[in-house]
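> this one's structure only:
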C-alpha cells in the first residue's frame, strides 16, 4: 500500500515569514494530493489540493507543488499569520478513494 | 449548510464494554469514510461505504470493529469488547460522489477513551 512521509514534524516561523512542508509518497499511480489543516480539538479541513495533471496550484497565500517524477509534493504558506498555527497533514489518495495521511506537521507562527 | 456531524463527541468506556459511534454525513453525499486518529498522528483509514454498500473494510483493526450504513445515509461504527488500544479519535468523512479526487469533508470526531 501507499506510504506517505511528511517533514518536518514541527516548524516554528516568525510572523510574516514563509513556511514549507514536504511530503513524499511511494505509489507512482497516485494522482490526488490534498492538504488538511487541523486546529486543536477540531476537524481536519481541506485547505488546498492538487491533481497529477498539474504541477502547481495557488490560492492566495497558500500554494502546493507536485513533482510526480520524484514522488513528492510540498505546501507553501507565505506571509504567515498567527492564525496559521495548527497541525497540517498531507494525504495521498490510494486506489479505492481512501486517503493515506502523513504524520502531520505542527506549525507555530510566532508574533 | 450543515456539515458532517458525529455523536457523541466524547465517550468514556470501561474495558470490555461495547460502544456505538454515529456519523451523519452531508445530505446527499454518496461516499462515507471512517478514519481512526491516534494522539499526535494522522488519520488512518478504517472503512468506506458507497451508499449502503461497504466497499472496503481493509482498515478495520480486528473483528471487534463493525460498521454499517443501512439506508445509505447515517452510519454507525461499533466496537465490541473495547480495549485500551482502541482509545483514539474516530473521524467520519463524506464525499459527494464516488469519484477519485472528490473532496472528503470531515466531521468533528468522537474521542473514545477506554479505561
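Noted; the coordinates are in hand. All values reported here derive from a predicted model rather than from experimental measurement.

> mind listing the strands for chain A?
Remark: strands assigned in chain A by DSSP state E are A:4-7, A:10-14, A:19-25, A:32-38, A:45-51, A:56-59, A:62-67, A:72-77, A:86-93, A:99-101, A:105-110.

> redo those as a markdown table? Include mean neighbour count and mean pLDDT.
Glycine gets a C-beta too; all of them are placed from N, C-alpha and C. Below are the strands of chain A laid out as a markdown table (neighbours: other Cβ atoms under 10 Å in any protein chain shown; pLDDT from 0 to 100):
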| stretch | mean neighbour count | mean pLDDT |
| --- | --- | --- |
| strand A:4-7 | 18 | 98 |
| strand A:10-14 | 13 | 98 |
| strand A:19-25 | 20 | 98 |
| strand A:32-38 | 22 | 97 |
| strand A:45-51 | 17 | 96 |
| strand A:56-59 | 12 | 96 |
| strand A:62-67 | 18 | 97 |
| strand A:72-77 | 21 | 97 |
| strand A:86-93 | 24 | 98 |
| strand A:99-101 | 23 | 97 |
| strand A:105-110 | 17 | 98 |
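
> chain B: which of these is closest?
strand A:99-101 (3.2 Å; Cβ to the nearest Cβ).

> helices or strands up against that closest one?
If contacts are counted by 3 or more Cβ pairs under 8 Å, 6 or more residues apart in numbering or on different chains; DSSP states H and E, strand A:99-101 sits against strand A:86-93, strand B:44-50.

> got the angle for the longest one vs strand A:10-14?
This means strand A:86-93. Interaxial angle, strand A:86-93 versus strand A:10-14 (axes from the mean of the first three to the mean of the last three Cα atoms, to 10 degrees): 130 degrees.

> now do strand A:86-93: which elements does it pack against?
By 3+ Cβ pairs under 8 Å, 6+ apart, strand A:86-93 packs against strand A:4-7, strand A:19-25, strand A:32-38, strand A:72-77, strand A:99-101, strand A:105-110.

> between the helices and strands packed on strand A:99-101, which one is nearest to residue A:79?
Set against residue A:79 and scored by Cβ to Cβ, these come closest in strand A:86-93, at 16.0 Å.

> could you pick out the residues of chain B near chain A for me?
Neighbours of chain A within chain B, by Cβ under 8 Å from any Cβ of the partner chain: B:3-4, B:31, B:33, B:35, B:40-45, B:48, B:55-56, B:59, B:91, B:95, B:98, B:100-109.

> and those, which of them are buried?
Taking 16 or more other Cβ atoms under 10 Å in any protein chain shown as the criterion, what is buried in the residues of chain B next to chain A is B:4, B:31, B:33, B:35, B:42-45, B:48, B:56, B:59, B:91, B:95, B:98, B:101-102, B:104-109.

> so where do the strands sit in chain B?
B:5-7, B:10-13, B:19-24, B:31-37, B:44-50, B:53-56, B:65-68, B:75-79, B:88-95, B:105-106, B:110-114.

> dump the ones you listed into CSV; add mean pLDDT as well.
Output for those, formatted as CSV (pLDDT from 0 to 100):
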stretch, mean pLDDT
strand B:5-7, 98
strand B:10-13, 98
strand B:19-24, 98
strand B:31-37, 98
strand B:44-50, 97
strand B:53-56, 96
strand B:65-68, 98
strand B:75-79, 98
strand B:88-95, 98
strand B:105-106, 98
strand B:110-114, 98
